[in-house]
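**Q** sequence first, then the predicted structure:
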Amino acid sequence: MNFRFLKNKIYVFMLFSISLTAQLYANELKVGFAELSITPEILDEWEDVNKDAQFDQEIDKWVDGNGNNQFDPVWMAGFQNKRAAQGVKDDLMAVAAVIDDGQRRIGIISADTIGLMRKFVLSVREDVPEEWGLDYVMVHATHNHEGPDTQGLWGPGFLKSGVDEVYMERLKKEFINALSLAIDNLEPAQMSLALIPTNPQTPIKDKRKPIVIDDDIRAILFSRPDGAIIGSLINFGIHVELTWDKNLEITADVAGYLRKGVSEGIYYDDQLIKSGLGGTTLWLTGNIGGLMTSGPNDPIYDPVMERMIIKPSHIKARAYGYSLANSVIDAYHAGDFVPSSKPSITVHSTEIELGLENFMLSLGTLLGIIDTDLKFSLIPPFVRYLSEVAFIQLGDASIIGIPGELYPEIAIGGIENPEGADYVIAPQEVPHLRSQLPGKINLMVNLANDAIGYIIPKSEWDDDPPWIYGEEEETYGEVVSLGPNTGPIIHENIVKLIKESKK
C-alpha cells in the first residue's frame, strides 16, 4: 500500500472538511438583541395650575427637587413648547438588534425619541469600536411625542432649545451599550417573514388629502432551532402620540405597548389576556407623512374593555398598541410567517444633499436651536443639508432607511396634483417605491439616521394660497419640511440604491 499517497488523500480530505465547515459557519445567520432604559430623570415636580400643559413659572407651582434654586425640566417633544414632564408612566427604551450572516454584520438601534439628527447619528457611529465588526449601523427614532426633546424644537420658547446635552450624552452611551450587549447575545437563528393586516377596529387616519394609507404590519421574526423566539422587527406606520398634547407623563406610548404585547403578552391590570411570543421586540416606524395617526377625536375599539375609546389617554395608546401586538401574535399562531432560507446581508447607503428652503428651520439651525451642520452655496438653494438614505437586503426581506416622515403616496402610489398646488406638474416620485423593492417583504423605516421632517410629493406641495382641496387655511406639512424638492431627491436616490443592489 502506498502510505504516502493515502496520507496525502487524508490530508486533502481534512482540508476539504475544514473548508466545508468554515463555509457552513460563514453562511450561518446569527442575531442578538438587547434593550436598555433611556428614561430621563424627573428632578422637579410641578403643578399645572391653569391646565394648559405648559409650564409657566409665574403661574404654575413647582418643587425644587434638587435644591439648586431653579426649575430643571424635561421638555417633552412633539406638540407645543413649554410642555414639561411631571412624571413617568412607563420606561422609554433603546432596543438594539445585531444581525450577522458570517460575512457582514449590521446593527439596528430603535429609541423612544421624537427624532435624532444625522450629526448625532454620525457621532454614535464614530463611538462604535472597530473590532465589533459592524459594517453598518442604522439609528432609528420611533417618533415618540411623549418623551424628551432630542431635536431642540420643543423647549421653553420658540428660540430656546429643549435639548439636554447631558441626556444626549447618556443616550449615545446607552446606544453603544445596547449594541455591545446585542453582540454578546449573538446566537444562531432562523428567520421568517409576514405581511399582516391590521384590525379595522383600530384604524389609522390620514389627516391630509389625498387619503392614502400604508397600513399593513411588516414583521421579521428570528427564532432558535427549537422554535423559541429570539426577537422580532415590527414595522408599522403611525405617529407615536396617542396620549396626545395634554399628557405630561413620560411614556413609550403605542410602540411600548406593541413591544410588551408581542414579547411578554397582553396584560390589563396585571391580568394576562393573551400570551406573547417571547424574545425582544424592536419597533420600526413606517410611513407616517401626511400625518398618519389616531387623533384626539378618532374612535378605536378596545375588545377587552368592550367599549369605544375616543379621547387621548394611556388606555387609548394601550388599546392600539395591544391591537397591533394581537395581530402579530395571531399571525404567528396561524402559521402566516414564511421561512427565509439562508438569508445573507447586503448594504447600500449614500449621502444626499438637500436644499433647506424652509426659512424657520434654517433660522433655528443657524441659531443653534437644532444641532446640525449646514452647507452654503452662492446659487439656489443657498442653504444645503446633508442627509442619508439606505437599502439593506436581508434574505427575502428588504429594509429602506428614510431620513424623515414619508408621505405614503410616495411609497404605494396615489400622488395627485390638486388645484391650488404651488406646482402644476405631473407626479415626480414615480414609480412608487414599494413596486421597486425586491424580496417577499419590505420594511420602510422612517426617521432612520436623521429627522428632516415631512417628505412631501412635489406635485402636492402647497406653501402659498389658494390652498389645496379647497382648504381655508394652510395644511400641515410644509411648515416642518425642508422644501419641495426633498421628495424627488429622496425618491431618486432610493431607486438608485435599489438598482445598485441588483448589479
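**A** Yes, it's here. Numbers count the residues shown, from 1 in each chain.
**Q** quick one: mean pLDDT for stretch 74-83?
**A** Mean pLDDT, computed over stretch 74-83, is 97.
**Q** hmm, who's touching that stretch?
**A** Applying CB atoms under 8 Å, 6 or more residues apart in numbering, the external contacts of stretch 74-83 come out as 40-42, 53-56, 84-85, 113-115, 143-151, 153-158, 162, 164, 167, 241, 244-245, 248, 250. (Each C-beta comes from the backbone N, C-alpha and C, glycine too.)
**Q** count the neighbours of Lys342 for me.
**A** Applying other CB atoms under 10 Å, we find 10 other residues in the vicinity of Lys342.
**Q** surely Val98 meets Arg104?
**A** No: counting by CB atoms under 8 Å, Arg104 is not a contact partner of Val98; they are 11.2 Å apart.
**Q** who has more neighbours out of these two?
**A** Val98 (27 against 17).
**Q** chain neighbours aside, what residue packs nearest to the more buried one?
**A** Nearest non-adjacent residue to Val98, counting by CB to CB, 6 or more residues apart in numbering: Ala182, 4.2 Å away.
**Q** and for Lys375?
**A** Arg384 (4.2 Å).
**Q** packing partners for the helix or strand harbouring the one you found?
**A** Applying DSSP states H and E as the criterion places Arg384 in strand 383-394. Applying 3 or more CB pairs under 8 Å, 6 or more residues apart in numbering; DSSP states H and E, one finds that strand 383-394 contacts helix 118-126, strand 136-141, strand 345-355, strand 375-376, strand 397-401, helix 486-501.
**Q** show me what the first one is packed up against.
**A** In terms of contact count using 3+ CB pairs under 8 Å, 6+ apart, helix 118-126 is assigned the packing partners strand 136-141, helix 165-184, strand 383-394.
**Q** may I have it as CSV, with CA atoms only?
**A** The C-alpha trace of helix 118-126 is given here as CSV (Å, rounded to 0.1, in the frame of the first residue of the first chain):
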residue,chain,number,x,y,z
ARG,A,118,-27.8,63.0,11.5
LYS,A,119,-25.0,64.8,13.3
PHE,A,120,-25.8,62.8,16.4
VAL,A,121,-26.2,59.6,14.4
LEU,A,122,-22.7,60.1,13.0
SER,A,123,-21.3,60.7,16.5
VAL,A,124,-22.8,57.4,17.6
ARG,A,125,-21.2,55.5,14.7
GLU,A,126,-17.9,57.1,15.5
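**Q** okay, angle between it and strand 345-355 too, please.
**A** Interaxial angle of helix 118-126 relative to strand 345-355 (axes from the mean of the first three to the mean of the last three CA atoms, to 10 degrees): 150 degrees.
**Q** next, the buried residues of helix 118-126.
**A** Arg118, Phe120, Val121, Leu122, Val124, Arg125 (16 or more other CB atoms under 10 Å).
**Q** ok, the last one touching Val137?
**A** So that's Arg125. Yes: Arg125 lies in contact with Val137 (CB under 8 Å); the separation is 5.4 Å.
**Q** how about Asp164, nearest residue that isn't a chain neighbour?
**A** That would be Pro148: by CB to CB, 6+ apart, it lies 6.8 Å from Asp164.
**Q** hmm, back to that, what sits against the residue nearest to Val98?
**A** Gly32, Phe33, Ala34, Ala96, Ala97, Val98, Gly107.
**Q** pretty sure Ser344 sits against Asp101.
**A** Yes: taking CB under 8 Å as the definition, Ser344 is a contact partner of Asp101 at 4.7 Å.
**Q** so these two - more neighbours on which side?
**A** The residue with more neighbours, out of Ser344 and Asp101, is Asp101; 20 against 14, by other CB under 10 Å.
**Q** that's a strand at Ser323, yeah?
**A** No: according to DSSP: H, G, I helix; E, B strand; the rest coil, the state of Ser323 is helix, so it is not within a strand.
**Q** that one against Thr202, yeah?
**A** Yes: taking contacts as CB under 8 Å, Ser323 lies within contact range of Thr202: 4.1 Å.
**Q** what touches both of these two?
**A** By CB under 8 Å, 6+ apart, the residues touching both Ser323 and Thr202 are Ile300.
**Q** neighbour count: the two, which is higher?
**A** Remark: of Ser323 and Thr202, Thr202 carries more neighbours, 25 against 22, as counted by other CB under 10 Å.
**Q** tell me which of the helices and strands packed on strand 383-394 is the most buried.
**A** Of the helices and strands packed on strand 383-394, the one with the most neighbours on average (mean count of other CB atoms under 10 Å) is strand 397-401, at a mean of 25.
**Q** contact partners of whichever helix or strand comes after that strand?
**A** Following strand 397-401 in sequence order, the next helix or strand is strand 405-406 (DSSP H and E). The contact list for strand 405-406, computed with CB under 8 Å, 6+ apart, reads His143, Asn287, Ile288, Gly289, Met444, Asn446, Leu447, Gly453, Tyr454, Ile455, Ile490.
**Q** burial of the fourth one, as a residue count?
**A** Gly289: 28 surrounding residues under other CB under 10 Å.
**Q** ok, it touching Ile402?
**A** No: using CB under 8 Å, Gly289 is not in contact with Ile402; the gap is 9.4 Å.
**Q** are there residues contacting both of the two? Which ones?
**A** By CB under 8 Å, 6+ apart, the residues touching both Gly289 and Ile402 are Asn446, Ile455.
**Q** for His314, give me phi and psi.
**A** Main-chain dihedrals, His314, degrees, to the nearest 10: phi -70, psi -30.
**Q** and it, how many neighbours?
**A** Neighbour tally, His314, other CB under 10 Å: 17.
**Q** begin at 14 from here
**A** Got it, the first residue is 14 from now on, which makes the last one we talked about His327.
**Q** so how far is Leu391 from it?
**A** From His327 across to Leu391, the span is 52 Å (CB to CB, to the nearest Å).
**Q** and what of Asp113?
**A** For Asp113, the distance to Leu391 - CB to CB - is 46 Å.
**Q** the two: who's more crowded?
**A** When neighbours are counted by other CB under 10 Å, Asp113 and Leu391 differ, and Asp113 comes out ahead with 22 against 5.
**Q** quick one: pLDDT of the more buried one?
**A** So Asp113 comes in at 98 (pLDDT).
**Q** excluding its backbone neighbours, what's nearest it?
**A** Asp113 sits nearest to Lys43 (CB to CB, 6+ apart), 4.5 Å away.
**Q** hang on, the earlier thing: check contacts around the residue nearest to Lys388.
**A** Per CB under 8 Å, 6+ apart, neighbours of Arg397: Glu366, Leu367, Gly368, Leu369, Leu387, Lys388, Phe389, Ser390.
**Q** partner residues bridging it?
**A** Beta-bridge partners for Arg397, by DSSP bridges, are Gly368, Lys388.
**Q** okay, it and Gly496: tell me how far apart.
**A** From Arg397 to Gly496 the distance is 10 Å (CB to CB).
**Q** find the residues that touch each one of those two.
**A** Going by CB under 8 Å, 6+ apart, residues that sit against Arg397 and also against Gly496 are Leu367, Gly368, Leu369.
**Q** out of the residues you listed, who's nearest Ala410?
**A** Nearest to Ala410 among the shared contacts of Arg397 and Gly496, counting by CB to CB, is Leu367 at 27.6 Å.
**Q** how much space separates the closest one from Pro421?
**A** Counting by CB to CB, the gap from Leu367 to Pro421 is 20 Å.
**Q** Gly250 too?
**A** 7 Å.
**Q** need the overlap of contacts for those two.
**A** With CB under 8 Å, 6+ apart, Gly250 and Pro421 have common neighbours Asp227, Asn300, Met305.
**Q** narrow the residues you listed to those in strands?
**A** Met305 (DSSP state E).
**Q** low-confidence regions, the chain specifically.
**A** Residue ranges of the chain with pLDDT under 70: 14-40, 379-380.
**Q** swap in 90 and give it another go.
**A** Filtered on pLDDT under 90, the chain yields the residue ranges 14-40, 171-172, 354-355, 370-397, 488-489, 514-516.
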